[in-house]
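In: can you look at this prediction? I've put the sequence above it.
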Amino acid sequence: MTLVLHDTMARAKRPFVPVNAERVTMYVCGPTVYNYAHIGNARPVVVFDVLFRVLRHLYGADHVVYAANVTDVDDKINLKAAQEGVPIGAITDRYLAAYNADMAVLGALRPTAQPRATQTMDAIVAMIGRLVAAGAAYAAEGHVLFDTQAYGDYGKLSGRSLDDMIAGARVEVAPYKRRPADFVLWKPSKLGEPVWESPFGPGRPGWHIECSAMIEQVLGLPIDIHGGGNDLIFPHHENELAQGMCADHVEAYANYWLHNGFLNMDSEKMSKSLGNVQLVHDLIQRAPGEALRWALLASHYRQPLAWTDDGVTQARSALDTLYGALRRARDVPAEGDAPSEAFMEALLDDLNTPRANAELFALARRLETGAPTERARAKGELLASGALLGFLQADPEAWFHGGADAALTARIDALIARRVAARAAKDWASADAIRAELTALNVEVMDNPTGATWRLKESA
RNA sequence: GGCCUGAUGGCGGAGUGGUGACGCAGCGGACUGCAAAUCCGCGCACCCGAGUUCGAUUCUCGGUCAGGCCUCCA
């Protein structure tokens, strides 16, 4: 079985072949840390986390290098720092820590590297220098601009021609640009903003060059996979590509371009500028991170995803079913540590997580209904398959009891014990009365021949 | 204006040129003291029009609707 990935450049699925199977490289554009991340920001994080896990499974955990950058130089950061009267580092440290904590709750592994723009400044300046030397960039009025004429394939990734861009230009073109599509590599800092020294004058880098420099420094060109949201295709990735190619004269910049579809609220994209955001920070107070992760992976990563409360509820119910099977199979030994074949086949087909999830249910059914040997194998496969997607690794009891503190748990256990005794004595009236008490505590009991299990129902 | 996606049952969501996954919700049955959970079963879903075809939800063209990018944006 081979991994097949949809490559935006080819506009088709292609079998994945890394440049070096000993060191598979992936880069994904990460956050600008000036605020909490919203659930739309989390989609690529979770999607590429799945790809990261799949690659580690295929090539070995030590043979995959995954870098996700942190943009910590930015207008919005400057604004926030000015508002609070603190240095930008105070802002970026705070929100990077929150970001990493939130993404961890969603089950995302930490990338191998999280390069920060402020710590990559030398490489950025050096790269701009090489672009100027190669004649692919020019200085104008304190700015350094990339000359889009210098890269013959400019527009190939996004499927636009330079003519189209000029024809469709809606934005006023800065007077110092030779051509409308040219973009900033270095610009002067405004008064009070952070400044870095460079041969082109004091200033700060443009956004696109940060990523190119970090990729070059952390991973080396060409990289195997470059990922991000599909809104980054143009201009961000197009520009990164042009810079990388012109600065380093390499054969290729990234061999596979992957882009995830957008997450919508009320059929509009969720974005900070539209103000229709739901922060991960808030969502994880109301639902388990694993359920949010499931909701994010319930549709294929390239499809648009409508985010609704009902979607989260359905995700939670789906996990209830799976964890329920695991809980009932508590005494079944798990045999083997390999995901099922059908599951892998789905996942390797351009990360078809909906189909992979369906296979999880097939395994759960075999776990519920199979003969003992089949149950053991199904349990092993279910656990291993789940692990590859970042699911089902919690203790089933913990999943169902989630949200109950020690005191509540003790109280529930005591009621359950009394109820089990009442049932053993066929004292149905007492048993029902105790069940009513439990219901009042938002607890649902599930009797079985020898006792009972319980779950905390979703609070309204 | 230019470029580009998508449209599947009550809901979410795969997939396929011909027996229409899977999940959630619902209904019937088994099981249960009653429930819950589980198991078994059920429900005439593929935006509209034309074309290609023995046959189209799946391919082609046109249309409608929804959305994205072209500006910071996952």
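Out: That came through, no problem.

In: so what's A:A113 closest to, chain neighbours aside?
Out: A:A67 (4.3 Å; Cβ to Cβ, 6 or more residues apart in numbering). Just so you know, the C-beta spots here come from the backbone N, C-alpha and C atoms, and that holds for glycine as well.

In: residue contacts, that neighbour?
Out: By Cβ atoms under 8 Å, 6 or more residues apart in numbering, the contact set of A:A67 is A:25-28, A:111-115, A:214-215, A:218-219.

In: past the helix or strand harbouring it, which element shows up next along the chain?
Out: Assessed by DSSP states H and E, A:A67 sits inside strand A:64-68. Downstream of strand A:64-68, the first helix or strand assigned by DSSP H and E is helix A:75-84.

In: which other helices and strands does that following helix contact?
Out: helix A:88-105 (3 or more Cβ pairs under 8 Å, 6 or more residues apart in numbering; DSSP states H and E).

In: what's the helix it packs on packed up against?
Out: When contacts are defined as 3+ Cβ pairs under 8 Å, 6+ apart, helix A:88-105 sits against helix A:39-59, helix A:75-84, helix A:280-286.

In: which residues are contacting the helix or strand just after the last one?
Out: Along the chain past helix A:280-286, the next helix or strand (assigned with DSSP H and E) turns out to be helix A:289-297. With Cβ under 8 Å, 6+ apart as the contact definition, helix A:289-297 has outside contacts at A:39, A:42-43, A:46-47, A:50, A:105-107, A:263, A:280, A:283-284, A:305, A:307, A:311-312, A:314-316, A:318-319, A:353-354, A:357, A:389-391, A:394, A:399.

In: just flag the most distant two among the contacts of A:A67.
Out: Maximum pairwise distance among the contacts of A:A67 (Cβ to Cβ): 14.9 Å, between A:T25 and A:Q114.

In: tell me if I'm right that A:G142 and A:S189 touch.
Out: No - using Cβ atoms under 8 Å, A:G142 is not in contact with A:S189; the gap is 9.9 Å.

In: can you list residues touching both of those two?
Out: Contacts common to A:G142 and A:S189, judged by Cβ under 8 Å, 6+ apart, are A:G203.

In: if A:Y66 is in a bridge, with which residues?
Out: On the basis of DSSP bridges, A:Y66 is bridged to A:M26.

In: any idea how far A:E216 is from the residue nearest to A:A113?
Out: To A:E216, A:A67 is 11 Å away according to Cβ to Cβ, to the nearest Å.

In: repeat that for A:P15.
Out: According to Cβ to Cβ, A:P15 and A:E216 sit 26 Å apart.

In: A:G244 - how many residues pack around it?
Out: Using other Cβ atoms under 10 Å, the number of residues around A:G244 comes to 27.

In: might you report the residue contacts of it?
Out: A:212, A:215-216, A:221, A:250, A:253.

In: who does the helix or strand hosting A:R423 touch, helix- and strand-wise?
Out: Element membership of A:R423 [criterion: DSSP H and E] is helix A:406-424. Packing partners of helix A:406-424 (3+ Cβ pairs under 8 Å, 6+ apart): helix A:428-440, strand A:443-448, strand A:451-456.

In: ok, residues contacting that helix?
Out: With Cβ under 8 Å, 6+ apart as the criterion, helix A:406-424 contacts A:401, A:404, A:428, A:430-431, A:434-435, A:437-438, A:441, A:443, A:445, A:447, A:451-452, A:454.

In: at 7 Å instead, please
Out: Residues from elsewhere that reach helix A:406-424 (Cβ atoms under 7 Å, 6 or more residues apart in numbering): A:401, A:404, A:430-431, A:434-435, A:437-438, A:441, A:443, A:445, A:451-452, A:454.

In: how far does that helix sit from its chain's centre?
Out: 41 Å (Cα atoms, centre = their mean, to the nearest Å).

In: and what of stretch A:13-24?
Out: Relative to the chain's own centre, stretch A:13-24 is displaced by 21 Å; criterion: Cα atoms, centre = their mean.

In: likewise for stretch A:300-312?
Out: 14 Å.

In: then that stretch to PDB, C-alphas only?
Out: Extracted in PDB, the C-alpha atoms of stretch A:300-312 (Å, rounded to 0.1, in the frame of the first residue of the first chain):
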ATOM      1  CA  HIS A 300     -12.400  15.000   4.000                       C
ATOM      2  CA  TYR A 301      -9.700  17.600   4.500                       C
ATOM      3  CA  ARG A 302     -10.200  19.200   1.100                       C
ATOM      4  CA  GLN A 303     -13.900  19.600   1.500                       C
ATOM      5  CA  PRO A 304     -15.500  22.700   3.000                       C
ATOM      6  CA  LEU A 305     -16.600  22.000   6.600                       C
ATOM      7  CA  ALA A 306     -19.600  23.600   8.200                       C
ATOM      8  CA  TRP A 307     -19.000  24.000  11.900                       C
ATOM      9  CA  THR A 308     -22.100  23.600  14.000                       C
ATOM     10  CA  ASP A 309     -22.900  22.600  17.600                       C
ATOM     11  CA  ASP A 310     -24.800  19.600  16.200                       C
ATOM     12  CA  GLY A 311     -21.700  18.500  14.500                       C
ATOM     13  CA  VAL A 312     -19.900  18.400  17.800                       C
END
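
In: could you pull out the buried residues of that stretch?
Out: Under the neighbour-count criterion of 16 or more other Cβ atoms under 10 Å, stretch A:300-312 has A:300-301, A:305, A:307, A:311-312 buried.

In: and if you look at stretch A:21-29?
Out: The neighbour-count check on stretch A:21-29 (16+ other Cβ under 10 Å) flags A:24-29 as buried.

In: ditto for stretch A:148-162
Out: Across stretch A:148-162, burial judged by 16+ other Cβ under 10 Å covers A:148, A:150-151, A:154-155, A:157-158, A:160.

In: contacts for it?
Out: Here stretch A:148-162 makes contact (Cβ under 7 Å, 6+ apart) with A:8-9, A:135-136, A:179, A:181-182, A:233-234, A:237-238, A:241-242, A:245-246, A:257.

In: can you get me a residue count around the residue nearest to A:K269 when sequence neighbours are not counted?
Out: Nearest residue to A:K269, sequence neighbours excluded (Cβ to Cβ, 6+ apart): A:F262, at 4.9 Å. A:F262: 18 surrounding residues under other Cβ under 10 Å.
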